[in-house]
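In: A structural model of the following input is requested.
(chains A and B)
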Amino acid sequence: MSTGQINQQPLLHNEQDPPAPTPVHLMELDGVGKHYGNIIALSDVTMTVDQGRVTCVLGDNGAGKSTLIKIIAGLHQHDEGTFRILGQERRLTSPREALDAGIASVYQDLAVVPLMPIWRNFFLGSELTVGKGPFKRLDVKRMKTVTKKELADMGIDLRDVNQPIGQLSGGERQCVAIARAVYFGAKALILDEPTAALGVKQSGVVLRYILQARDRGLGVIFITHNPHHAYPVGDSFLLLKRGRSIGSYDKKDIELDELTGLMAGGAELQELAHELADLGGYPDVVREVQADVDVEVTSAE
Amino acid sequence: MAILVDVPTLDERVGRRSVAQNLLGRPEVGALVGAIVLFVFFSAAAPVFLQPNSFATVLYGSSTFGIMAVAVSLLMIGGEFDLSAGVAVISSALTASLFSWYFSMNLWVGVGLALIVSLLIGFVNGWILMKTKLPSFIVTLATFLMLTGLNLALTRLIGGSVATPSIASMDGFQSARAVFANSFTIGGMDLKSPILIWIVLVVIASWLLLRTKIGNWIFAVGGDENAARAVGVPVRATKIGLFMGVGFCGWVLGMHNLFAFDSVQSGEGIGNEFLYIIAAVIGGCLLTGGYGSAIGGAIGAFIFGMANKGIVYAEWNPDWFKFFLGLMLLLATIVNLIVKRRAELK
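Out: Okay, here's the model as predicted:
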């Protein structure tokens, strides 16, 4: 995986124009479904991912977001529908296969091995080597240089690439993982709740790197339950609820308020307000929340 | 956000770490300090300790644990441990001895078969572990018990006794002894061949761990198995390979045990698995995986050898040995814990 991948880099870096929309989608899911035994985790989900665009997948806990990305990342296989990469129908059986197809995933909690140095994490699974046969060894010097340079290009300034990655903040770790995916020539980048565990500032940092990855021509799939994070960076939005798609919108067709309303599930919030009032919640505040919800529901409809 | 704020002051921060701080970050430092303290202590308490031949005996004692500690350290860095390692050494020796004796074959045939059996034991441990996803404690405890039973039962069934029949007069005995249980003199010290094998294994293991892909994978599968899998590390092959490494070292030690004498007691080896684990832990390997070094395991084995023989040279009651061992283990584990916290939460 060493030389072939690296030689592609200048191409990615020197790209002057935004990539022209290809007739073939980078990724295309059509009616994809998945069940575990008799539990339907996902059914009839259709989405497309294109170069240089950010596709947001939104949904509450248990909406099927994780199942969807696990199918795309090769951790699970779909039972229904078709999954095409660059027009070819595929069924990915391992994360390695997904990586080889140019799909890189950055997970919220398992992006990196905390006790290992940053440079080892950066090249983990795709190490650079020199020498032959039994004397084939890691090219430590080059890996350290490349790590430092790639991270600097993404705007991450590191004290020392030798420090354990666990010493970095959550946002920085996400960024290292994103930089890694970009460096290894990923065509598509899946980000699973990258901002979920982060503070406001750190989330902002991650959102910036999402846009950087997009500008480098990657197709980004951004999974989140926070419409305020999704809306500013997303080009299209897929909303999931209980394993089903409840809508798919382009940026021009939807406003942030509507997105929030759809996400929150207006009716459910209303019910919650009643319930809280019954339990002795502050009636004024509950009424206020209810009014907000009503507005959102009407605007969403 | 700190990263963005202090962009201009980039490289000054690197210089602030002193040599001492860098050194303290190494996994084997605690063990090294312990080894030096123990060495000075026994040199003062027992003048015999410093004589070349006593020191050679200490080294020999250390090597018989050190050979296994190499593989066990690597396995522990990979996040697993092997309770069957102690009896598997004996299983290997028994295989070589009984097979050659029963079929009256050249001993080298038995030695080859023992290698296959040892690697197979490692493979089965690793394979069951990866298939069932049970903790390695349970899986290897089961193989430990099964091997203990097999060692006793098969030895009595085939050889008719608890010890294997003598193989001293069989074909290949002298050449095998020359390989596995030789001795040579360097600088007035009468050194036995396991010491050399031990040093070679430590060098190979260190190189493997720090300078190859496989080493990177070992740290990764021990540090965070899921993260490793997600970036395409062959987790299953790495872990099975580590168990087979323990099998290989068990074979080396088993062959030494066999050819240093000419017979093996079938009930031996029980309890040694803990000594290997203790050597690895004293040497700075984290019980939870992802951190440690092969040299650390070697220093752990050396500490063990010094305490073991030093107590004898100091003419103390050897009953105290286990107490010291326990104390060292406790201290080493606490040091490791502090190291890990520093690394993770700084």
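In: check the secondary structure at the residue nearest the centre of chain A for me.
Out: Geometric centre of chain A, nearest residue: A:L191, 1.7 Å, by C-alpha atoms, centre = their mean. Following DSSP: H, G, I helix; E, B strand; the rest coil, the label given to A:L191 is strand.
In: wait, isn't it in contact with A:F222?
Out: Yes - counting by C-beta atoms under 8 Å, A:F222 is a contact partner of A:L191 at 5.1 Å. All C-beta atoms are positioned from the backbone trio N, CA, C, and that covers glycine.
In: between these two, which contacts overlap?
Out: With contacts taken as C-beta atoms under 8 Å, 6 or more residues apart in numbering or on different chains, A:L191 and A:F222 have A:I210 as neighbours in common.
In: now stretch B:262-269: buried residues?
Out: Neighbour-count burial for stretch B:262-269 flags B:262-266, B:268-269 (criterion: 16 or more other C-beta atoms under 10 Å in any protein chain shown).
In: tabulate the CA atom coordinates of it in CSV.
Out: What follows is stretch B:262-269, C-alpha atoms only, in CSV (Å, rounded to 0.1, in the frame of the first residue of the first chain):
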residue,chain,number,x,y,z
ASP,B,262,18.0,-36.8,29.3
SER,B,263,14.6,-37.2,30.9
VAL,B,264,11.6,-34.9,31.8
GLN,B,265,9.3,-35.0,34.7
SER,B,266,5.7,-34.9,33.4
GLY,B,267,4.3,-32.9,36.3
GLU,B,268,6.7,-30.0,35.9
GLY,B,269,6.0,-26.5,34.6
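In: tell me the average confidence for it?
Out: Stretch B:262-269 shows a mean pLDDT of 90.
In: hmm, who's touching that stretch?
Out: Residues from elsewhere that reach stretch B:262-269, judged by C-beta under 8 Å, 6+ apart: B:86-90, B:93-94, B:97, B:151-152, B:155-156, B:162-168, B:173, B:257-258.
In: spell out which parts of chain A neighbour chain B.
Out: Contacts of chain A with chain B, taken as C-beta under 8 Å from any C-beta of the partner chain, map to A:73, A:75, A:95-96, A:99, A:105, A:107, A:110-116, A:120, A:123-127, A:129, A:136-138, A:140, A:155-160, A:164, A:166-167, A:169, A:171-172, A:201-202, A:205.
In: which of those residues are buried? Put it as a PyMOL command.
Out: Only the buried entries of these go into this PyMOL selection, using 16+ other C-beta under 10 Å:
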select buried, chain A and resi 73+75+95+96+99+105+107+110+111+112+113+114+115+116+120+123+124+125+126+127+129+137+138+140+156+157+158+159+160+164+166+167+169+171+172+202+205
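In: now, which of the residues of chain A next to chain B lie within strands?
Out: Among the residues of chain A next to chain B, the residues falling in strands (DSSP state E) are A:105, A:129, A:137-138.
In: from the residues you listed, which has minimum pLDDT?
Out: For those, the pLDDT minimum is A:S105, 83.
In: near chain A at all, stretch B:237-249?
Out: No - for stretch B:237-249, no contact with chain A is found by C-beta under 8 Å from any C-beta; the gap never falls below 11.1 Å.
In: helices of the stretch 1-150 of chain B, start to end?
Out: B:2-5, B:12-15, B:19-24, B:29-45, B:52-77, B:85-102, B:107-132, B:136-159 (DSSP state H, counting those that start in this stretch).
In: which of the ones you listed has the lowest average pLDDT?
Out: Looking at the helices of the stretch 1-150 of chain B, the bottom one is helix B:2-5 with a mean of 38.
In: where in the stretch 1-150 of chain A is pLDDT low?
Out: By pLDDT under 70, the low-scoring segments of the stretch 1-150 of chain A are A:1-23, A:108-111.
In: rewinding a little: ok, which of the helices of the stretch 1-150 of chain B comes nearest A:D60?
Out: Closest of these to A:D60 is helix B:2-5, at 32.0 Å (criterion: C-beta to C-beta).
In: excluding covalently adjacent residues, which one is nearest to B:L201?
Out: Nearest residue to B:L201, sequence neighbours excluded (C-beta to C-beta, 6 or more residues apart in numbering or on different chains): B:V70, at 4.7 Å.
In: you'd agree the one you found is up against B:A298?
Out: Yes - applying C-beta under 8 Å, one finds B:V70 in contact with B:A298, separated by 6.9 Å.
In: tell me the SS of B:C285?
Out: From three-state DSSP, the assignment for B:C285 is coil.
In: measure it to A:K241 for me?
Out: Distance of B:C285 to A:K241, given as C-beta to C-beta, to the nearest Å: 47 Å.
In: who's more crowded, the two?
Out: Here B:C285 and A:K241 are compared on neighbour count by other C-beta atoms under 10 Å in any protein chain shown; more neighbours surround B:C285, at 34 against 17.
In: quick check: pLDDT value at that one.
Out: 89.
In: isn't it up against B:I77?
Out: Yes - with contact defined as C-beta under 8 Å, B:C285 reaches B:I77; the gap is 5.8 Å.
In: list residues touching both of the two?
Out: With C-beta under 8 Å, 6+ apart, B:C285 and B:I77 have common neighbours B:291-293.
In: for B:M306, list the residues it contacts.
Out: B:35, B:38-39, B:42, B:58, B:62.
In: show me what the residue nearest to the centre of chain A bridges to in the sheet.
Out: Under DSSP bridges, the beta-bridge partners of A:L191 are A:V106, A:F222.
In: contact partners for it?
Out: By C-beta under 8 Å, 6+ apart, the neighbours of A:L191 are A:105-106, A:174, A:178, A:210, A:220-223.
In: could you do A:A179 as well?
Out: Neighbour list for A:A179: A:122, A:150-151, A:153-154, A:156, A:209 [criterion: C-beta under 8 Å, 6+ apart].
In: ok, 10 Å please
Out: When contacts are counted by C-beta atoms under 10 Å, 6 or more residues apart in numbering or on different chains, A:A179 touches A:106, A:122, A:147, A:150-156, A:209, A:212-213.
In: which two from the contacts of B:M306 end up farthest apart in space?
Out: Distance extremes for those: the farthest pair is B:F42 and B:S62 at 13.0 Å, using C-beta to C-beta.
In: identify the contacts common to these two.
Out: B:306, B:309.
In: who has more neighbours, those two?
Out: Applying other C-beta under 10 Å to B:F42 and B:S62 shows that B:S62 carries more neighbours, namely 26 against 22.
In: tell me which element the residue lying closest to the more buried one once chain neighbours are set aside is part of?
Out: Spatial nearest neighbour of B:S62, chain neighbours left out: B:G305 (2.9 Å); criterion: C-beta to C-beta, 6+ apart. Element membership for B:G305, per DSSP states H and E: helix B:294-313.
In: just the C-alphas of that helix, formatted as CSV.
Out: What follows is helix B:294-313, C-alpha atoms only, in CSV (Å, rounded to 0.1, in the frame of the first residue of the first chain):
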residue,chain,number,x,y,z
ALA,B,294,10.8,-6.9,25.0
ILE,B,295,13.8,-5.5,26.8
GLY,B,296,11.6,-4.8,29.8
GLY,B,297,10.6,-8.4,29.9
ALA,B,298,14.2,-9.4,29.8
ILE,B,299,15.0,-7.0,32.7
GLY,B,300,12.1,-8.5,34.6
ALA,B,301,13.5,-12.0,34.1
PHE,B,302,16.9,-10.8,35.2
ILE,B,303,15.5,-9.3,38.4
PHE,B,304,13.8,-12.6,38.9
GLY,B,305,17.0,-14.5,38.4
MET,B,306,18.9,-12.2,40.7
ALA,B,307,16.4,-12.5,43.5
ASN,B,308,16.2,-16.2,43.0
LYS,B,309,19.9,-17.0,43.2
GLY,B,310,20.9,-13.9,45.3
ILE,B,311,18.9,-15.2,48.2
VAL,B,312,20.8,-18.4,48.0
TYR,B,313,24.2,-16.7,47.8
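In: what angle separates it from helix B:52-77?
Out: 140 degrees (axes from the mean of the first three to the mean of the last three C-alpha atoms, to 10 degrees).
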